[in-house]
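Enquirer: sequence first, predicted coordinates after that:
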Amino acid sequence: MSKGRRYEEPKLNMKKVFAVILAIIVIIMSIFIIKGIFSKEQKTGGITSKTYFAAFKDNKWGVIDENGNTVIDPSYEEMIIIPDNKTDVFLCTYDVNYDTGEYSTKALNSKNEEIFTEYNKIEAIPNYDENNNLWYEDNVLKVQKDGKWGTINETGEELLKTEYDSIEAIKGIKNALLIQKDGKYGVADDEGKIILDPNYTEITNLGEDNKAGYIVKDDSGLYGIVGYSKNVILENKYQEIEKVYGNDLYVISQDGKQKVINANGEEVLTNGFEEISAILKTKDQGVIYVSNGKYGIMTLTGEVKIEAQYDNLVEAKAGIFIATKGDKQGIIDIDNHEKVPFNYNTITYNEKGDIYIAEDENFNSNIMDTNFDVKQTGILIEINTDSGYFELRQNDEYKYYNFKFEEKDKKEILTNHTLYLDKKDNQYGYIDKDGNVVVEYIYDDATEQNAYGYAAVKKDGKWGAINNKGEVVQEPTYNLDDYLMVDFIGRWHLGKDINMNYYNQE
């Protein structure tokens, strides 16, 4: 394969593990067509019933499946990127020269066959959230041919022709690719649809998703806003446009001074603040403003509702704010009435669950309802909005609650499990769905089964693993005290950085 310059990514690339349940597609066709399909899947990647993970052993990288079986032998110096762990497309970087930045790439399938060989380079498209956690764009790869970039999906179908100078993700926004052609920028989505033609000298996102619109800069050096449907929201006549908007209001800057304007370009609020940090959710209610480094609330007529006295203000829901004083957080309403005292290190609002999570300095969380009453307390393990529950560790036991704060039996929550963690005489074992003891109470600590049927068990300070039948597949030999999360697939344990989707075997 040809060589090119390496992008400035960490050597150990991060990607969240997304557990996706895929439907089985039954195709009744003639034997010759079926053979053709199988032949094609040998040459390209394809959706399979397996799940794949990067694996690290003896300072080399490979790939394993959900049973811990080796798919690609650990033989690569660089971490193998798996853009979608349900698809057998593995991207390998090799022959890296860190002095010159030169490197080579290739794509392999689960048969260790090289695929997409018609391209000079094949790469995943990395993206980052506000905390710099890395993920990869779904079902899209960027490919290079004759010095130009395009995109394909993970079965090799062309999405964007190889005619662009560069293709990168717009940071923090899913399904929005920044494309460059002839020195100008545009936007395409992951399916290859052109959202904005490459006519601009600069493009950035306005909001938190790909449909909120884009701040664009033209040849005049001035900024405007273009919507997802290519409609002009604000003409290109502003020196700067902030990523602050709501209720058809926008924040622009002229000569270093911010103003709130409407979609017609008319000035709505111009004085009494140094900065506007947010427009409130309720129409005509106002803005969060900053003065002398402190945050307060002002109406659109300039009336100060809350003096600038807080170190930060974030609107959780209409009229309710998470406020910061020094290093502590509390909750206030639009009239500056204290709803939750300033006793917490962090407070977050979960919109889908309609609950507040207030965590103290000891990592204990108070889970509150919309009346700010504390309904449950413990160490928060998980919030699963899809299944409608949260998990707490309370008095060294794991408890499950729905968003009505009703305790649920774990068998109602973990319906696919064959074993359930149980505790007796301060030791851990496992029972089946009928309450029968399958694994005796011999472990000092343990975890519930993961999505692949494995559970981690601790004895005499060391961790190992059992399978879904309760059989030991890895004797407790690993000291994982420094690990934030303990998880096993077969004999492989999760890497130390929980943001990195790889498994290790020593």
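Expert: Thanks, I have it. Residues are numbered from 1 along each chain as shown.
Enquirer: every contact and neighbour count from this point should use C-alpha atoms.
Expert: Noted.
Enquirer: mind giving me the packing neighbours of the longest strand anywhere in the chain?
Expert: Counting by DSSP state E, the longest strand found in the chain is strand 374-384. Here strand 374-384 touches strand 365-368, strand 389-394, going by 3 or more C-alpha pairs under 8 Å, 6 or more residues apart in numbering; DSSP states H and E.
Enquirer: show residues contacting the helix or strand just after the last one.
Expert: Past strand 389-394, further along toward the C-terminus, the next helix or strand under DSSP states H and E is strand 397-402. Strand 397-402 is touched from outside by 388, 389, 390, 391, 392, 393, 407, 408, 409, 410, 413, 423, with contacts defined as C-alpha atoms under 8 Å, 6 or more residues apart in numbering.
Enquirer: contact partners for residue 478?
Expert: By C-alpha under 8 Å, 6+ apart, the neighbours of residue 478 are 462, 463, 464.
Enquirer: take those and keep only those in strands.
Expert: Reading strands off the contacts of residue 478 with DSSP E, I get 462, 463, 464.
Enquirer: and the contacts of strand 397-402, which is closest to residue 112?
Expert: residue 413 (38.1 Å; C-alpha to C-alpha).
Enquirer: low-confidence ranges in the protein?
Expert: Low-confidence segments of the chain (pLDDT under 70): 1-48.
Enquirer: redo that, cut-off 90
Expert: 1-49, 101-102, 128-134, 208, 256, 282-285, 395-397, 484, 496-501, 506 (pLDDT under 90).
Enquirer: and the contacts of residue 478, which are buried?
Expert: 462, 463, 464 (16 or more other C-alpha atoms under 10 Å).
Enquirer: in JSON lines, list those residues along with distance to residue 175.
Expert: Listed next are these as JSON lines, based on distance: C-alpha to C-alpha, whole Å:
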{"residue": "462", "distance to residue 175": "43"}
{"residue": "463", "distance to residue 175": "40"}
{"residue": "464", "distance to residue 175": "39"}
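Enquirer: what is the nearest of those to residue 288?
Expert: Nearest to residue 288 among these, with distances taken as C-alpha to C-alpha, is residue 463, at 49.3 Å.
Enquirer: Three-state assignment for the closest residue to that closest one other than its chain neighbours, please.
Expert: Counting by C-alpha to C-alpha, 6 or more residues apart in numbering, residue 463 lies nearest to residue 476, which is 4.3 Å off, once chain neighbours are set aside. Counting by DSSP: H, G, I helix; E, B strand; the rest coil, the backbone at residue 476 sits in strand.
Enquirer: kindly compare burial across the helices and strands packed on strand 374-384 and name the winner.
Expert: strand 365-368 (a mean of 22; mean count of other C-alpha atoms under 10 Å).
Enquirer: neighbouring strands of that one in the sheet, and parallel or not?
Expert: strand 355-359 (antiparallel), strand 374-384 (antiparallel) (DSSP bridges).
Enquirer: compare these and give me the one nearest residue 152.
Expert: strand 374-384 (32.4 Å).
Enquirer: picking that back up, who's in contact with the residue nearest to residue 463?
Expert: Applying C-alpha under 8 Å, 6+ apart, the residues near residue 476 are 457, 458, 459, 462, 463, 464, 465.
Enquirer: let me know the closest of the contacts of strand 397-402 to residue 438.
Expert: residue 423 (12.7 Å).
Enquirer: give me the angle between the helix or strand where the closest one lies and strand 397-402.
Expert: Using DSSP H and E, residue 423 sits within strand 420-424. Angle of strand 420-424 versus strand 397-402, following axes from the mean of the first three to the mean of the last three C-alpha atoms, to 10 degrees, is 130 degrees.
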